[in-house]
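J.: curious how this folds, go ahead:
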Amino acid sequence: MRILLTMAVAFTLLLSAHAEDIPYVLGGKVTKAQLDAAIKQEKDAKKVLDLYNQGTLKRNKGQYIVVLPGEVGTGPLLWIPTNNLLTCFEVKKGQIKEHWGIPEGKTEYEKITFPARDSDWYILQCGKEGNDKVTVVKNGTATTPPVITDRIEVTVGPIKPDPGPDPGPTPPGPVPIPGQGFRVLIVIERSIDASNTMTMQQRIALSSFDVREYLDTKCVKENGTPEYRIIDKNVEIANLPKVWQDAMNRWKDPAKNPGAKVPWILVTNGTEGFEGELPANTDALLTLLKTYGK
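T.: Got it, this is the predicted structure:
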C-alpha cells in the first residue's frame, strides 16, 4: 500500500500552488534498496511495485496531477498511457513552470506558477473523459533492463460548468456561409490591445483538443483541408477565398452584427446556420457546433 507524504510536507513542496494540489509521489516511499532486494527475490519488478503501489486517482476534465519523482522514480522515465486521456509534461530541475489547468476543488482554468525544484518532476494533464492507466518505466542502461516504477490509474470525469446560466445557441436561422457542407468561421482580434475582447474560457475553447478534433472530423474538406477558419478582424479580405470573403462581409454587415463585434462565430451546414457571439466556454461551443455538424 502506498505510504503518502504528510500534508505538511506536501504543502511545503508546492508553496505557490493551491492547497488542494497534494502531489503524487512515484513509488511512494519505496527505497531503491528495497526495490533492488525485492526484484532480486521476486524476479519481477512489476509484481514488486504492485505490492507497494496502487495509485488510483479521480480528476475532472481539465484538472491536473502534480507528480514528484520519489527515490525509485527518478528519470529518464517513459510515460505510457493506455488510452491517451492523459498528457505528461516533464519539468526540468531548476525550471519555473507556468501551467494552465483547473486546480483540485476549482471550476475554472487558472495559470499556476510553480517554483523551481531541485529535481525533475511532472504534470499529468487530464484531457478526455474516461479511464486511463499510465505505466511509468525507468529506462535501462547497457547493463540493466528497464524497470516499471509505478502504475497510475486515473478516472477523468466531465469538466465542471462555469457558474451561472449559459443561454446556449439560438434556434436555427438563415445560412450565414454560402455553399454545401459544414463550415465554421470565427472572427477574433489578435492585436495586443485587444487582449480583453475574449475571456480566458473562450481562449481555452478555441485551443481545445475536443473542439479542433470535432472541426477536423465534421467540416467539409476543400483540397483535403477542413473548411473552418479563425480569422483576425483586420485581415485583408480581398486576399481570402471567395467563400470566406462572403462570410467576412456578412460579419461586417451592420444589420447582422452592429459594430462588427468580436469574437463572433458563423456556423452553417448548408441548409441552416447560426451567427452570433462566440459561446462562453468549451462545452457551450461544442454544443453549438454539434447542433449543425450532425
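J.: so the residue nearest to Thr271 when sequence neighbours are not counted: helix, strand or coil?
T.: Nearest residue to Thr271, sequence neighbours excluded (CB to CB, 6 or more residues apart in numbering): Val175, at 6.8 Å. C-betas here are computed from N, CA, C, even on glycine. Three-state call for Val175 (DSSP: H, G, I helix; E, B strand; the rest coil): coil.
J.: which regions of the chain lie under the pLDDT threshold?
T.: Residue ranges of the chain with pLDDT under 70: 1-21, 28-30, 35, 38-39, 41-55, 72-73, 75, 159-174, 191-196.
J.: now do the domain split for it, please.
T.: 7-157, 183-292 (automatic domain parsing).
J.: tell me where the chain has helices.
T.: According to DSSP state H, the chain carries its helices in the segments 7-13, 32-42, 45-52, 200-207, 209-218, 242-252, 282-292.
J.: picking up where we left off before, I'd guessed the residue nearest to Thr271 sits against Val267; true?
T.: No - counting by CB atoms under 8 Å, Val175 does not reach Val267; the two are 9.6 Å apart.
J.: tell me who's in contact with the most centrally placed residue in the chain.
T.: In the chain, the centroid-proximal residue (CA atoms, centre = their mean) is Gly127; its distance is 4.9 Å. By CB atoms under 8 Å, 6 or more residues apart in numbering, the contact set of Gly127 is Lys61, Asn84, Leu85, Leu86, Thr87, Val156, Phe209.
J.: for the fifth one, grab the count of nearby residues.
T.: Just to be clear, that refers to Thr87. 14 (other CB atoms under 10 Å).
J.: residues near the closest residue in space to it that isn't next to it in sequence, how many?
T.: Spatial nearest neighbour of Thr87, excluding adjacent residues (CB to CB, 6+ apart): Gln125 at 4.6 Å. Applying other CB under 10 Å, we find 19 residues neighbouring Gln125.
J.: ok, now the one 4 residues further on?
T.: Under the neighbour criterion other CB under 10 Å, Glu129 is assigned a count of 14.
J.: in contact with the residue nearest to it when sequence neighbours are not counted, which residues?
T.: In space, and not counting its chain neighbours, Glu129 is closest to Val156: 5.2 Å by CB to CB, 6+ apart. Applying CB under 8 Å, 6+ apart to Val156 gives the contacts Arg59, Asn60, Lys61, Leu85, Leu86, Cys126, Gly127, Lys128, Glu129, Gly130, Asn131, Asp132.
J.: just put those in a markdown table and tack on distance to Arg151.
T.: A markdown table is the format used below for those (distance: CB to CB, whole Å):
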| residue | distance to Arg151 |
| --- | --- |
| Arg59 | 16 |
| Asn60 | 21 |
| Lys61 | 22 |
| Leu85 | 15 |
| Leu86 | 13 |
| Cys126 | 17 |
| Gly127 | 19 |
| Lys128 | 20 |
| Glu129 | 20 |
| Gly130 | 17 |
| Asn131 | 13 |
| Asp132 | 11 |
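J.: and Pro241, how many neighbours?
T.: Counted with other CB under 10 Å, Pro241 comes out at 11.
J.: how close does it sit to Trp79?
T.: 42 Å (CB to CB, to the nearest Å).
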